[in-house]
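# Sequence first, predicted coordinates after that:
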Amino acid sequence: MNEFNAALPEPWLRGTLTEIPSVPRAVLHALELAKEDLWKWCFPLPNKQLNQSSAQIASIAFHLRHIARSLDRLLTYAENRALTESQLELLRSELSVEAEHEELFTELEIAFEQCGRRIRELAQLDLEAPRSVGKKHLPTTLGGLLVHVADHTLRHVGQAITTAKFIAQR
């Protein structure tokens, strides 16, 4: 998806996903907006700009990788499972220096698709169900994790877009 329609209102105002309970629906709408914004502002950039780091600011490539991989990790916790060694290895590799445009956006596209499917499955569960996060098993709830999926993703989308605008000006 490298197209977006600026004439459309934001996803949460489009009247979609009405069959999904409100909290998971809001998360899905936030992720839809995140994807549209990333494709609008970051997809047009060449590899060099995606990988460029300036003024001790993380590269856009880092943010794109981190978004894709953190979605998987957070939803693993939401599904009440522990991270696998493969997920931990991907976490350790997020800061790798270079990434190819196609590789980044393919990984991101797959992550958003899988995330949507997983959230739809979790949407039917009790949002107050206890969950834990990380090695320390910090307590939260399924609803807390789903909201954090949106919050965390949008935070990194904002950083990626700001970096994209900054780098494009140079």
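Okay, I see it.

# pLDDT below threshold where in the chain?
By pLDDT under 70, the low-scoring segments of the chain are 1-6, 97.

# switch the cut-off to 80
Where the chain drops to pLDDT under 80, the residues are 1-6, 54-55, 96-97, 170.

# show me where it has helices.
Secondary structure of the chain by DSSP state H: the helices cover 22-41, 47-51, 60-78, 85-93, 101-122, 142-168.

# In TSV: these, plus mean neighbour count and distance to Glu128.
Placement of C-beta: from N, CA and C, glycine included. What follows is those, written out as TSV (neighbours: other C-beta atoms under 10 Å; distance: least, C-beta to C-beta, whole Å):
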stretch	mean neighbour count	distance to Glu128
helix 22-41	20	11
helix 47-51	17	40
helix 60-78	22	13
helix 85-93	11	26
helix 101-122	17	13
helix 142-168	19	6
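
# closest one to Pro130 among those?
helix 142-168 (8.0 Å; C-beta to C-beta).

# what helices or strands is the closest one leaning on?
Secondary-structure packing of helix 142-168 (3 or more C-beta pairs under 8 Å, 6 or more residues apart in numbering; DSSP states H and E): helix 22-41, helix 47-51, helix 60-78, helix 101-122, strand 130-133.

# what would those look like in TSV with distance to Ile161?
Output for those, formatted as TSV (distance: least, C-beta to C-beta, whole Å):
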stretch	distance to Ile161
helix 22-41	5
helix 47-51	13
helix 60-78	9
helix 101-122	14
strand 130-133	27
